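> Sequence and computational prediction follow.
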There are 2 protein chains.
Amino acid sequence: MATIKDVAKLSGISRSTVSRVINNHPYVNDEKRSRVKQAMKELGYFPNSSAQRLRGSKTRTIAVLISRIVNPFFSGLVDAMDEVATESGYQLILCNTRGSRERELKYLDLLKTKQVDGVILASVENNWEDIKPYLGYGPIVSCNEYTAQTDIPSFKINHYEATFQAIIHFIKNGRKKIAFCCGDEPIGSDLGVDREKGFFQALSEHDLLFQDEWYFKNVSSVEDGRGVLKRIEKMDDRPDAIFTGSDEVAMGIIAQSQLSSIIVPQDLSVIGFDDQQMSGVLKPGLTTIKQPIKQMGRETMTYMLQILNKQKELAGTEKVLQYKFIKRDT
Amino acid sequence: MATIKDVAKLSGISRSTVSRVINNHPYVNDEKRSRVKQAMKELGYFPNSSAQRLRGSKTRTIAVLISRIVNPFFSGLVDAMDEVATESGYQLILCNTRGSRERELKYLDLLKTKQVDGVILASVENNWEDIKPYLGYGPIVSCNEYTAQTDIPSFKINHYEATFQAIIHFIKNGRKKIAFCCGDEPIGSDLGVDREKGFFQALSEHDLLFQDEWYFKNVSSVEDGRGVLKRIEKMDDRPDAIFTGSDEVAMGIIAQSQLSSIIVPQDLSVIGFDDQQMSGVLKPGLTTIKQPIKQMGRETMTYMLQILNKQKELAGTEKVLQYKFIKRDT
DNA sequence: GTGAAAGCGCTAACAG
DNA sequence: CTGTTAGCGCTTTCAC
C-alpha cells in the first residue's frame, strides 16, 4: 500500500509538504499542491489512520456503552448520538455490554488504550468506585443512568417524578392495588432506586396497601411481561394496576392477558415506559411515559464533543430533560 | 501517560522483553515477567493501541454498514454480529449510512485508511462498480443485500421465493386484487428486484390483473404505512390484499385502518416482512415472512472472521438461508 | 532468554 | 513557502 513516502517520491516533493496537503494547510504553493494530489490519486494513496492517531493522539471516535442494541430505547439513543457525531466527523464504537460487569470494564479500557477519545455511559453495570479511575484517561459522560456520587455530566429525566405521576394517575382512576416491575438490580445507578421511591411515595401519600408479591424483579422483555401476567393470574389477591417500567414488559402483559380471563384495562390497568413506536399502534393503546430519547442522545453527544474541543468542562453538569406522560387506553 | 519505555526503565528490563510480556510470549523468565507486571501496575500502564496497530497492521475492528440502527431488522443483525465479534475479541464500528451514497463510500474508506480489517455490507446504496475498487483494500462481505454482479461472499434468503409464496397465500385465500409496496429504489442490490419478480410471477401464473396505483414506492416506516392506507381509502378500485415488504409498513396500515372504514383482514389482507417482536403481540396478529436474522448475522460475521484468519477465501460463496412464512390473522 | 536497533507512517518544530 | 529531522509507542528481527 502506498505511503506518504511514495507520494513524496513520485511527486518529487518532501513528505512534510505532502502532509500539509493532506491536512489542508494554507501555506502550500498551488502548483505543488496539485502535483501532490495528482500523485496521491495515481498511487491510490490514503493516509494510514493508525499513524495519524499515534502522532496526533486523537481518534475522533467515541465509545457508546449500552446494555443491548436491540432494545429500541438504546437503538434510538445511539441513532441520535450517531447523528451529531457524524456531523462533526466522529465515529461510534458500539459497546453492547449485555449486562456484563467485566465487559463494561473492558470497553472502558478503550479509553486507556487510546482507542477512543471519550466514553458515553448509557447503561451502567459497575459501581461508581470501579468506574471512577477511568476518568483519569479521558472524559466519561452519562446518559439516562446516573448516581448522586458521580461528578460527571449527566443527561436524564426525573424518574422519581415520572413514576410518581404514573401512580397518581392510577389512583385518580380509582385503582387501589398497584403492582410494580423493575429490571435488573440497580448497581451503579439511582434510576431504579428513584422509580421505586416515586412509587412508594405515591402509595403512602394515599394510604394504599402493598403486597410483596406485587413487586416483580428482573423483568425487562416481552417474554418477561407474559410471565408477570401468568403470575398475576394465579394470585388470590390480584393487583388492579401495574407500573411496568418498560413498554416491552407492558406489551407482554397485554398480549398474555388476551389469552387469559384478565381484561386490560378493565381488570388491570397498565403503564409502560418509553413510548416506543408500536405503543401507539397497538390496540388497546398503551399509556406510557415518553422519554425525549432523541434530545437526550443529541445533547449528550453534543456535550461530549464540546468537552473534547475544550468548550466545556468535565464537571458535574446535570441536565434534567422533560418527559411526557402519554395517556392512552390502558 | 506511561509508555513501554517507562515500564522498561522502572523494572530495569528492556523494552523488547516488556513487549514480550504484553503479548504473552513464552520465552520470558518468570521472575522478570512478574517484575514487569509489577511495574506496569505501578505505572497504570496500558499499551497504546494506535502504536500496536501501526506496527502490526491489524485493528481487530469490523465496520458494519446498515442504513439505520433504529430499524429492528438491522439492530437485530448488528446484535448477532456483535455477539460473535466480541467472542473473538473484535470490535464493531457502527456505520449508519442513513441511505446516503456518499456516507456509504466514506465508511468504505475506513478500509483504505486501515481503521478496520473488514467491512460487512448489510445495506447498499451505491452501484457495485463504485464499491468494487474497495476490495483492493480489504475484505467485504455482504449480508441481506446482494447482486449477481458481485463476487464476494453473501448471506441472504431467497426474496423471490418468499414473495412468491406470500402472494400465492393471498391467492389461495381468494384475494384477487393484490397491492405491492417497496422501499427505496434498488440501486446496488437485487433484493428489491427479486421481490418484484416474485410478485408479478405469482400474479401472472394465476392470471390476475394489476393496477399501477397498487404499486407503492418508497414506503418503509409506520408513517409511510399509514399514508398507504389513506391512499387506498381514496381509490375507486381498492386492492383486497397488500404485500408490504416490511412489518413497520404493515403495522402502519393496520393502525390507520382502525381509523377508517377498511377492516383488516376482511377488506384488506396484509403480509409483512421480518416478523418483528411486536408482530405476534399485535391484534390482529400480523402474517409475515420471518427472516433468520440472528443466524444471518452470526454466519456473516463468522465468515468474515474466518477470512481474516485465512481460513476462508474472499470468494463468491453464496449462502441462502431459510425463511419462514408465518401465518397469523391478517 | 534477553537487549539493541530499526522502522511501521505520519506530523510538527525548526531552519532556511 | 518548503525540506530536514526527530520522534509518537510499539514489535520484531538479529545477535549475543
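Arrived safely. Numbers count the residues shown, from 1 in each chain, chains lettered A, B, ... in the order given.

> rest of the way, CA atoms for contacts and neighbours
Fine.

> Closest approach to chain B from the stretch 101-250 of chain A, which residue is it?
Shortest the stretch 101-250 of chain A-to-chain B distance, computed as CA to the nearest CA: residue-wise this is A:Thr113, at 4.8 Å.

> Which residue, other than its chain neighbours, is closest to that residue?
Distances taken as CA to CA, 6 or more residues apart in numbering or on different chains put B:Asn48 closest to A:Thr113, at 4.8 Å, once the chain neighbours are dropped.

> pLDDT wise, what is the residue of the stretch 101-250 of chain A closest to chain B at?
Looking at A:Thr113, its pLDDT reads 95.

> Enumerate every residue touching it.
With contact taken as CA atoms under 8 Å, 6 or more residues apart in numbering or on different chains, A:Thr113 is in contact with B:46-49.

> thought the residue nearest to A:Thr113 was touching A:Lys114?
Yes: with contact defined as CA atoms under 8 Å, B:Asn48 reaches A:Lys114; the gap is 6.0 Å.

> so A:Gly188, which of the three states?
For A:Gly188, the secondary-structure state derived from DSSP: H, G, I helix; E, B strand; the rest coil is coil.

> Distance check, the spatially most central residue of chain A against A:Ser75.
Against the mean C-alpha coordinate of chain A, by CA atoms, centre = their mean, the closest residue is A:Ala122 at 3.6 Å. When CA to CA, to the nearest Å is the yardstick, A:Ala122 and A:Ser75 sit 11 Å from each other.

> Repeat that for A:Gly280.
Applying CA to CA, the value for A:Gly280 to A:Ser75 is 19 Å.

> before we move on, what about A:Tyr137?
Counting by CA to CA, the gap from A:Tyr137 to A:Ser75 is 27 Å.

> Show me which of these two is the more surrounded one.
Between A:Tyr137 and A:Ser75, counted using other CA atoms under 10 Å in any protein chain shown, A:Ser75 has the larger neighbour count: 21 against 17.

> thought the more buried one was touching B:Val70?
Yes: in this structure A:Ser75 lies within contact range of B:Val70 using CA under 8 Å: 5.3 Å.

> burial measure for the closest residue to A:Phe216 other than its chain neighbours, as a count.
Across the structure, with CA to CA, 6+ apart as the measure, the residue nearest A:Phe216 apart from its sequence neighbours is A:Cys181 (4.6 Å). When neighbours are defined as other CA under 10 Å, A:Cys181 has 22 of them.

> Spell out which parts of the stretch 101-250 of chain A neighbour DNA strand D.
If contacts are counted using CA under 7 Å from any atom of the strand, no residue of the stretch 101-250 of chain A sits beside DNA strand D.

> residue ranges of the helices in the stretch 101-250 of chain A, please?
Secondary structure of the stretch 101-250 of chain A, counting by DSSP state H, counting those that start in this stretch: helices at A:101-112, A:128-131, A:159-172, A:191-205, A:222-233, A:247-257.

> Compare the ones you listed and report which one is nearest to DNA strand C.
The minimum distance between DNA strand C and the helices of the stretch 101-250 of chain A falls on helix A:101-112, with 18.8 Å, by CA to the nearest atom of the strand.

> So for the closest one, what gets flagged as buried?
Within helix A:101-112, the residues that qualify as buried by neighbour count (16 or more other CA atoms under 10 Å in any protein chain shown) are A:103-105, A:107-112.

> Using the record's assignment, carve chain A into domains.
When chain A is parsed into structural domains using the TED database, the resulting residue ranges are A:4-53, A:61-157+A:293-322, A:159-290.

> Please tabulate those in JSON lines, including the columns distance to DNA strand C.
Formatted as JSON lines, the entries for the domains of chain A read as follows, by distance: least, CA to the nearest atom of the strand, whole Å:
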{"stretch": "domain A:4-53", "distance to DNA strand C": "3"}
{"stretch": "domain A:61-157+A:293-322", "distance to DNA strand C": "14"}
{"stretch": "domain A:159-290", "distance to DNA strand C": "39"}
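
> Please tabulate the ones you listed in CSV and include distance to B:His159 as additional columns.
Formatted as CSV, the entries for the domains of chain A read as follows, by distance: least, CA to CA, whole Å:
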stretch, distance to B:His159
domain A:4-53, 37
domain A:61-157+A:293-322, 24
domain A:159-290, 26
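
> Give me the phi and psi angles of the closest residue to A:Lys58 other than its chain neighbours.
In space, A:Lys58 comes closest to A:Asp117 once its chain neighbours are excluded; the distance is 6.5 Å by CA to CA, 6+ apart. For A:Asp117, the backbone dihedrals are phi -90, psi -20 (criterion: degrees, to the nearest 10).
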